[in-house]
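> here's a sequence, model it:
(one chain, ligands or ions: 1)
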Amino acid sequence: MFVWEKGTLNKEQEDAIKQEGSILLVACPGSGKTRTLTYKIAYELSRIESDKEFVIAITYTNNAADEIKERVELLGVDTEQLWIGTIHSFCLEWILKPYHQYLDDLKYGFRVISSFDSEKILTELCKPYDKPKITYWDCGIIAKTDNYYLTCLDVSKHQPLQKIYSEYFKTLKKNNQIDFEQILFYSYKLLVQKPIISHVLCKLFPFILIDEYQDTKEIQYHIIAKILSANSGNSKTLIVGDPNQSIYKSLGGFPMPKVDLEKLFGFELLELSLIKNYRSSEKIINYFEHYKTYPNLIEACSWDKDYPSIITYTTLVSVDNIIEEVANLILFNVSEKGISPNEICIVAPQWVHIASITRQLMIRLPDYSFDGPGMAPFSRDIDNFWFKVSRIALTEPSPYMYIRRLRWSKEVLKELDSIGMDVSEVSDKCFLRICNSISINENDGLKYLENFFVEICNHLSISMDDYDMLYEHYTAFFESSKARIERLIKEGNPCIGEIDSFRKVFKQKDGITVSTIHGIKGEEYDTMIGFALLDDYIPHFNDNNGSENAKKLLYVLASRARKNLHIISEYGRGINRYNPDGKSPTPHLLEYKYEYDEIKLK
Ligand SMILES: Nc1ncnc2c1ncn2[C@@H]1O[C@H](COP(=O)(O)OP(=O)(O)OP(=O)(O)O)[C@@H](O)[C@H]1O
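Okay, here's the model as predicted:
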């Protein structure tokens, strides 16, 4: 049985781990959810009784899966019987790949289309629609258990969008392709049409963990429920998350209430909570509690709980001075409060706000480095085979990276095996050795990777023409990267195509982080600086549940801060003929009668 040193976990974390039954765990920000999940997985792995069983952990992102898996490995636990990944990967691996032949639509096989290719097809299909004008940004569907639903809030566009999607699905079908929403839809359909699949799977999975349940979609709950409920209550689950941080409502995510989960699963859940916050000062916690939409307790337990936090808010800065204001706040935190630049994060509601600020801050503060948005020359399309290879190609063979690179090698070999290549003679260590032996002298990042991939193919005697998947992924990888690099160069990043920018994607974060609020989910910094906190962005003008969702975004923003928090609703944004004064501050910020600190910036 897996045991841990006394003092590693607090009582509530231990209770959640040792509980025999199924649990709904509501965790406040900074309560050590990741630590709890890591130990819970290790604990359940040590209790597995058969070598045919698996502990399943569903995470919101591939990065979270990587991080948790690595932490479990660091505990010295064998992870052979751990399967961890996103719900889409789960559906692909356990439902669609083994059972697709039972569905008429997929019986001749299928390939998953990348988001880049999907965007290309939809953009083309939108072109003829002028009145009303339809663009790719109007496209969006959510798969529910009975059908696909459009997400565009402008219903006058629904008729043309239905036509566009009908054509889109036809195109995919013709090419035996499916997209991300279809992965969920077809998986659910299979589980409904062939109950035997759930019966087989439930016997393999004695324990299923779902992280970030507040961002889980209806169809995802139903997929897991089909499997859990097939085992007459013998499969256990841990559902964990924070309803106050449910910020993906527009994509269909919501925290399903306990009673509804129980009805769906067919068994009871014990509700437990993690209420000790190890992240923020008491002052920060008191501040963000105001934005709660779900009543939970939070207790300040951080070493810095008595830190004399500075919390500021201003509406007096003009959009023309925003760079100066943010730069001064950075300098104030670094020089006067001793905060490390790596521990500062700047956020805004949308990508467009931060794309330009990163560049301008780089010019204003040349001695600082910035980890900006979309600064990667290629997209982190984790399902792309060549992206998987590029992770190894662009990282150095160091002891620190060894376990990670070995895992990546294993993943690459698994992919090759799944397309019918005989790689039985190549071990993960051997593949890593091959990669380490390749030396390419090339400064252009894409050319470097092209050469690297050719060498890999030569070493393994692979001809890309023989394998559709390798060829399609190759084209998608390079086409999307080229488009991305062109855009970034146009936006003023002339060196983005160089090999150093490519390598940077996998290096440890360095410098001040610049991100959207959605992008910093799960992260923590000493100082958070938020700007463009304005009506129409927060709440979003198209959001019919705007007030509540705005609170959640402010809650997430403020609860990332350990020590200091600076929020700005600058004036002068969005001025036009109909709105000569520009956008006004987010109403919640104006209504909150908080005694903010005043600081003198140079
Ligand atoms: N039992 C504990 N004692 C002391 N510190 C802890 C304990 N558990 C976790 N921590 C620390 O608490 C901090 C927050 O943990 P973590 O990032 O896992 O929070 P979280 O619950 O995932 O937060 P959020 O939901 O806001 O993303 C980390 O620095 C972690 O090391």
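
> hang on, Asp215 packs against Ile247?
Yes. Here Asp215 reaches Ile247: they are 7.4 Å apart, a contact under C-beta atoms under 8 Å. Yep, even glycine has a C-beta here, placed from its N, CA and C like the rest.

> what residues does the chain put near the ligand?
Within the chain, the positions adjacent to the ligand are 9-10, 13, 27, 29-35, 242, 278-279, 522, 524, 559 by C-beta under 6 Å from any ligand atom.

> these, buried ones only, as a PyMOL selection?
To isolate the buried ones among the residues of the chain next to the ligand in PyMOL, judged by 16 or more other C-beta atoms under 10 Å, type:
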select buried, resi 9+10+13+27+29+30+31+32+33+34+35+242+278+279+522+524+559
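
> now, the residues of the chain next to the ligand that are in helices?
Gln13, Lys33, Thr34, Arg35, Ser559 (DSSP state H).

> mind naming the longest strand for this structure?
Once the chain is assigned using DSSP state E, the strand that runs over the most residues is strand 561-568.

> tell me the helices and strands packed up against the next helix or strand after it.
Next along the chain after strand 561-568, taking DSSP states H and E as the criterion, comes helix 587-591. Helix 587-591 is packed against helix 546-559, with contacts defined by 3 or more C-beta pairs under 8 Å, 6 or more residues apart in numbering; DSSP states H and E.

> which one of the ones in helices among the residues of the chain next to the ligand is nearest Pro308?
For those, the residue nearest Pro308 by C-beta to C-beta is Ser559; the value is 18.7 Å.

> got the phi and psi for whichever residue of the chain sits closest to the ligand?
Closest residue of the chain to the ligand, C-beta to the nearest ligand atom: Gly32 (2.4 Å). Note on Gly32: backbone dihedrals following degrees, to the nearest 10 are phi 80, psi 40.

> cool, and the one 5 residues further on?
The phi/psi pair for Leu37 (degrees, to the nearest 10) reads phi -60, psi -40.

> pretty sure it sits against Asp211.
Yes. Under the criterion of C-beta under 8 Å, Leu37 makes contact with Asp211 at 6.2 Å.

> and the next helix or strand past the longest helix along the chain?
Longest helix in the chain by number of residues (criterion: DSSP H): helix 468-490. Heading C-terminal from helix 468-490, the first helix or strand you meet, by DSSP H and E, is helix 499-504.

> so for that following helix, what gets flagged as buried?
Neighbour-count burial for helix 499-504 [16+ other C-beta under 10 Å]: Ile499, Ser501, Phe502, Lys504.

> wait, the third one touches Leu449, no?
This means Phe502. Yes. Proximity of Phe502 to Leu449 meets the contact threshold set by C-beta under 8 Å, at 7.3 Å.

> what touches both of those two?
Ser390, Leu394 (C-beta atoms under 8 Å, 6 or more residues apart in numbering).

> what's the following helix or strand after the helix or strand harbouring Gln159?
Gln159 is part of helix 158-174 when elements are defined by DSSP H and E. Per DSSP H and E, the first helix or strand lying C-terminal to helix 158-174 is strand 177-178.

> show me what that following strand is packed against.
strand 111-112.

> what pairs with the strand it packs on, parallel or antiparallel?
strand 177-178 (parallel) (DSSP bridges).

> how far off centre is the partner strand?
Relative to the centre of its chain, strand 177-178 is centred 22 Å away, using C-alpha atoms, centre = their mean, to the nearest Å.

> who's in contact with it?
Strand 177-178 has contacts (C-beta under 8 Å, 6+ apart) with Leu106, Phe110, Arg111, Val112, Ile113, Leu172, Tyr186.

> wait, the fourth one touches Asp383, no?
Yes. With the criterion set as C-beta under 8 Å, Val112 and Asp383 qualify as a contacting pair; they are 6.1 Å apart.

> quick one on the thing from earlier: now tabulate the buried residues of helix 499-504 in JSON lines and tack on distance to Glu262.
As requested, those are exported to JSON lines (distance: C-beta to C-beta, whole Å):
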{"residue": "Ile499", "distance to Glu262": "53"}
{"residue": "Ser501", "distance to Glu262": "50"}
{"residue": "Phe502", "distance to Glu262": "48"}
{"residue": "Lys504", "distance to Glu262": "47"}
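
> adding pLDDT, write these out as a markdown table.
What follows is these, written out as a markdown table (pLDDT from 0 to 100):
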| residue | pLDDT |
| --- | --- |
| Ile499 | 94 |
| Ser501 | 88 |
| Phe502 | 91 |
| Lys504 | 86 |
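
> who touches both of Leu37 and Asp211?
Shared contacts of Leu37 and Asp211, counting by C-beta under 8 Å, 6+ apart, come down to Ala57, Ile68, Val240.

> which one (most neighbours) among those?
Among those, Ala57 has the most neighbours (other C-beta atoms under 10 Å), with 26 neighbours.

> confirm it sits in a helix?
No. Ala57 is assigned strand when assessed by DSSP: H, G, I helix; E, B strand; the rest coil, not a helix.

> quick check: it vs Cys28, distance?
From Ala57 across to Cys28, the span is 21 Å (C-beta to C-beta, to the nearest Å).

> next one: Trp137
35 Å.

> who's more crowded, those two?
Neighbour count, other C-beta under 10 Å: between Trp137 and Cys28, Cys28 has more, with 24 against 10.

> doesn't Tyr278 make contact with that one?
No. Between Cys28 and Tyr278 there is no contact, the gap being 10.2 Å when judged by C-beta under 8 Å.

> just send the shared contacts of Leu37 and Asp211 back as a markdown table, with distance to Glu93 and pLDDT too.
Below are the shared contacts of Leu37 and Asp211 laid out as a markdown table (distance: C-beta to C-beta, whole Å; pLDDT from 0 to 100):
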| residue | distance to Glu93 | pLDDT |
| --- | --- | --- |
| Ala57 | 13 | 98 |
| Ile68 | 17 | 93 |
| Val240 | 22 | 97 |
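
> burial count for Asp51?
8.

> kindly report the same for Asn451.
Under the criterion other C-beta under 10 Å, the count of neighbours that Asn451 has is 16.

> how about it, secondary structure?
helix.

> spit out the contact partners of it.
Per C-beta under 8 Å, 6+ apart, neighbours of Asn451: Ile440, Glu442.

> which residue is nearest the centroid of this protein?
Thr61 (3.9 Å; C-alpha atoms, centre = their mean).
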